[in-house]
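Enquirer: Requesting a structural model of the entry that follows:
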Amino acid sequence: MKLRDFSRRIQADEQPDFAHALQGGKELSQLDPEELKDFPETVYIANSQSVVYGKIQKETLLYLLNRQGKFRFQQILDSMNDGVIAVDDDGRIFYANPAYVSILGVPLRRILGRKIQDVEPDSLLHQTLVKRESLSSEKQLIPSIKKYVSLRTFPLWDGETFLGAVSIFQDVTRLHRLDQEVRQMSGIVDEYTQRIRSQETAVRLGLTSYNKAFQTTIQKAATVALTDVPLLICGESGTGKNALAHYLHQCSRRRDKPLVVVNCAAVPADMMESVLFGDRERQGKLAVAEGGTLLIDEIEELPLPAQSRLLYVLRQDSVLPDQEGGNAGPDVRLIATTNQPLQAMVREKRFRKELFFKLNTITIQLPPLRERPDDIIPQANRFLSQLNEKYHRNVAFSSQIYQELRQYSWPGNLRELRSYVERVVILADSALPIVERAEEPGETGAEGRVSKPQSGEPLAQQVRSFEAEVIREALASCGGSRTAAMKRLGLSRRTFYRKCAELGVLKSDEK
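Expert: Got it, this is the predicted structure:
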């Protein structure tokens, strides 16, 4: 221990006695108590250039010399609870305290005199010998005894002469086990929290069901939501594909980032690439969705050139490679929805096979409402509650209406069911607490129920006639609004006009 350790800065008004100054670089063990007898009560400490920078009381100095002369430092090391091991510059172990033996369970006779390179070749102590610098590790496994230790190692110097190294360590095995238990408990809590969040999100989005197949579908969705793999959601129009996409996003690790929706049927074909990937004037939806989720709705309407470019992005993790800064691909999770048989479109070369295979890694198929009849009444009540609140009404259904709801096949699925409930709520007599009679499901207002096709015709012709009549009735019930008719029928803009052209529904000047 050097004298400098006991010094402090002297005040400007103090006058040191240069004749009785000691060099601060000296070790206490190098001092002779006899030479201090003639020193004054205050002994000043100087550096090697005889510049005084501090002082110490002679009484304190004599006390330290007395105690350190009688007390062996090995006694201190031997009484420590931390393990201590020291090696010389050649790596030979010349000291290990009892705590070392107790923690590691290694007898002294097996290590004293041996080289640390042979005892623990990958140890931090050996690295300190090589690097001649202090090292530390909060948790290091000793494989031979399956214990974890927290350790620090220090090089030993005498001036500029390297003497060896010393390691001081603690047994943290129990702390490691506690940490593992805490992590395990945290994992259980996180899993439980995720389940609760998933259930709450499913209820909010109307994805609860009494149907086992639908329940299995939601469980599958909750599992894959935690991954970043591309997803394809298939199902008829109105089955809740968009709601499921929102559910997947809300249950994912990206829930705090944006969910960006692109409806391919609503974007002109010649603008699709600039909408998705951007151009000089606008930022693409891929870039807007950075860190979050991109939902491509009705992907069957995506033009082939845009399909090729999207496939490139999915393969190369790169967007806009021809522009500055485009080498870093977007960090985006892709979800696509379709109500068309993409495999058939692949065979007809209307959809890229490679893109289909990429999206088809995980496919979620939503069953239509007619296959889950037990969900019709709960879903109708959910819509009734929402729409009563929206329109400030207090409408209730009679048992007769509930029976009719159960008996109808709901070709438009949840979208059609919601439209029906909304129509009843709006038209209900506010003076009556319960609606006893309403337009039956499937009716189209004043025109009545859509007529069935005549038998005796070929099946294809019956289907064409029926589709044409359904579209005409939808247009009539929507006051001629094609947009409203599309929504009611669950058809995309492109599909709607294609069918109208094929079936001759619209006049030539209306197409």
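
Enquirer: residue ranges for the strands of the stretch 201-350 of the chain, please.
Expert: For the stretch 201-350 of the chain, the strands defined by DSSP state E, counting those that start in this stretch cover 231-234, 259-263, 293-297, 333-338.

Enquirer: for the second one, the distance to its chain's centre please.
Expert: For strand 259-263, the distance between its averaged C-alpha position and the chain's averaged C-alpha position is 20 Å (Cα atoms, centre = their mean, to the nearest Å).

Enquirer: List the strands paired with it, with their directions.
Expert: Strand 259-263 pairs in its sheet with strand 293-297 (parallel), by DSSP bridges.

Enquirer: go on, the last one?
Expert: Its sheet considered, strand 333-338 pairs with strand 231-234 (parallel), strand 293-297 (parallel) by DSSP bridges.

Enquirer: Out of these, flag the one nearest A287.
Expert: strand 293-297 (10.0 Å; Cβ to Cβ). Heads up, the C-betas are built off the backbone N, CA and C, glycines and all.

Enquirer: Centre of the chain to the closest one, how far?
Expert: How far strand 293-297 lies from its chain's middle: 18 Å, per Cα atoms, centre = their mean.

Enquirer: Domain ranges for the protein, per the record?
Expert: Residue ranges for the domains of the chain, per automatic domain parsing: 3-71, 74-171, 205-367, 373-442, 452-511.

Enquirer: Disregarding residues adjacent in the polypeptide, which is nearest to A484?
Expert: The shortest distance from A484 to any non-neighbouring residue, by Cβ to Cβ, 6 or more residues apart in numbering, is to C478 (3.8 Å).

Enquirer: now the helices for the stretch 401-511 of the chain?
Expert: Applying DSSP state H, counting those that start in this stretch to the stretch 401-511 of the chain gives helices spanning 413-427, 459-477, 482-489, 493-503.

Enquirer: Minimum distance to L104: which of these has it?
Expert: Using Cβ to Cβ, the helices of the stretch 401-511 of the chain put helix 413-427 closest to L104, at 67.1 Å.

Enquirer: quick one on the thing from earlier: Throw the domains of the chain into CSV and include distance to R197, thanks.
Expert: What follows is the domains of the chain, written out as CSV (distance: least, Cβ to Cβ, whole Å):
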stretch, distance to R197
domain 3-71, 58
domain 74-171, 33
domain 205-367, 7
domain 373-442, 20
domain 452-511, 30
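
Enquirer: For S198, find the nearest of these.
Expert: domain 205-367 (4.6 Å).

Enquirer: Return the distance of the closest one from the chain's centre.
Expert: The answer for domain 205-367 is 19 Å, by Cα atoms, centre = their mean.

Enquirer: Next: stretch 120-128.
Expert: Using Cα atoms, centre = their mean, the offset of stretch 120-128 from its chain centre is 38 Å.

Enquirer: one step back: let's have the strands of the stretch 201-350 of the chain in a markdown table, adding distance to I362, mean neighbour count and mean pLDDT.
Expert: Below are the strands of the stretch 201-350 of the chain laid out as a markdown table (distance: least, Cβ to Cβ, whole Å; neighbours: other Cβ atoms under 10 Å; pLDDT from 0 to 100):
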| stretch | distance to I362 | mean neighbour count | mean pLDDT |
| --- | --- | --- | --- |
| strand 231-234 | 5 | 23 | 93 |
| strand 259-263 | 18 | 19 | 92 |
| strand 293-297 | 14 | 25 | 93 |
| strand 333-338 | 10 | 26 | 92 |
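
Enquirer: Nearest to K146 among those would be which one?
Expert: So among the strands of the stretch 201-350 of the chain, strand 333-338 is nearest, using Cβ to Cβ, at 40.8 Å.

Enquirer: Next one, pLDDT for Q57 please.
Expert: Note on Q57: pLDDT of 80.

Enquirer: go on, S79?
Expert: Listed pLDDT for S79 reads 77.

Enquirer: same deal with A328?
Expert: pLDDT at A328 comes out at 54.

Enquirer: Now for this protein, the helix or strand with the poorest mean pLDDT.
Expert: helix 173-204 (a mean of 67; mean pLDDT, DSSP states H and E).

Enquirer: before we move on, back to that, reformat the strands paired with strand 333-338 as CSV; add distance to R309.
Expert: Converted to CSV, the strands paired with strand 333-338 look like this (distance: least, Cβ to Cβ, whole Å):
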stretch, distance to R309
strand 231-234, 18
strand 293-297, 12
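
Enquirer: Could you point out which of those sits nearest A202?
Expert: strand 231-234 (14.8 Å).

Enquirer: how about that closest one as CSV, C-alpha atoms only?
Expert: Extracted in CSV, the C-alpha atoms of strand 231-234 (Å, rounded to 0.1, in the frame of the first residue of the first chain):
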residue,chain,number,x,y,z
LEU,A,231,-49.7,-16.0,-44.8
LEU,A,232,-52.5,-16.7,-47.3
ILE,A,233,-56.1,-16.4,-45.9
CYS,A,234,-58.7,-18.1,-48.1
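
Enquirer: got the contact list for the residue nearest the centre of the chain?
Expert: For the chain, R253 is the residue whose C-alpha lies nearest the centre (Cα atoms, centre = their mean; 2.9 Å). Residues near R253 by Cβ atoms under 8 Å, 6 or more residues apart in numbering: L226.

Enquirer: gap between it and P330?
Expert: 16 Å (Cβ to Cβ, to the nearest Å).

Enquirer: ok, back up a step: on the pLDDT front, check the residue nearest to A484 for me.
Expert: With respect to pLDDT, C478 scores 71.

Enquirer: gap between it and D297?
Expert: For C478, the distance to D297 - Cβ to Cβ - is 22 Å.

Enquirer: before we move on, what about Q386?
Expert: Distance from Q386 to D297, counting by Cβ to Cβ: 22 Å.

Enquirer: And for S252?
Expert: Separation of S252 from D297 (Cβ to Cβ) stands at 18 Å.

Enquirer: got a list of what C478 touches?
Expert: Applying Cβ under 8 Å, 6+ apart to C478 gives the contacts A484, A485, R488.

Enquirer: What are the phi and psi values at S167?
Expert: Main-chain torsions, S167, degrees, to the nearest 10: phi -120, psi 130.

Enquirer: So P441 is in contact with R406, correct?
Expert: No. Counting by Cβ atoms under 8 Å, P441 sits too far from R406 to count as a contact (9.8 Å).

Enquirer: can you pull the pLDDT of the residue nearest to the centre of the chain?
Expert: 89.

Enquirer: One more: A431?
Expert: 71.

Enquirer: Could you do R393 as well?
Expert: As predicted, R393 sits at a pLDDT of 87.

Enquirer: That one: what's it in contact with?
Expert: R393 makes contact with L387, V425, A428, S430 under the criterion Cβ under 8 Å, 6+ apart.

Enquirer: same thing but at 10 Å, please
Expert: For R393, the contacting residues are L384, L387, V425, I426, A428, S430, by Cβ atoms under 10 Å, 6 or more residues apart in numbering.

Enquirer: Look up the pLDDT of A380 for me, please.
Expert: pLDDT recorded at A380 is 91.

Enquirer: ok so it is a helix residue?
Expert: Yes. A380 sits within a helix when classified using DSSP: H, G, I helix; E, B strand; the rest coil.

Enquirer: Now the element after the helix or strand containing F356, going C-ward?
Expert: In this structure, F356 is located in helix 353-359 according to DSSP states H and E. As assigned by DSSP H and E, the chain's next helix or strand after helix 353-359 is strand 362-365.

Enquirer: okay, the helices of the stretch 401-511 of the chain in a markdown table with distance to G164 and mean neighbour count next?
Expert: Output for the helices of the stretch 401-511 of the chain, formatted as a markdown table (distance: least, Cβ to Cβ, whole Å; neighbours: other Cβ atoms under 10 Å):
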| stretch | distance to G164 | mean neighbour count |
| --- | --- | --- |
| helix 413-427 | 78 | 20 |
| helix 459-477 | 91 | 16 |
| helix 482-489 | 83 | 19 |
| helix 493-503 | 81 | 17 |
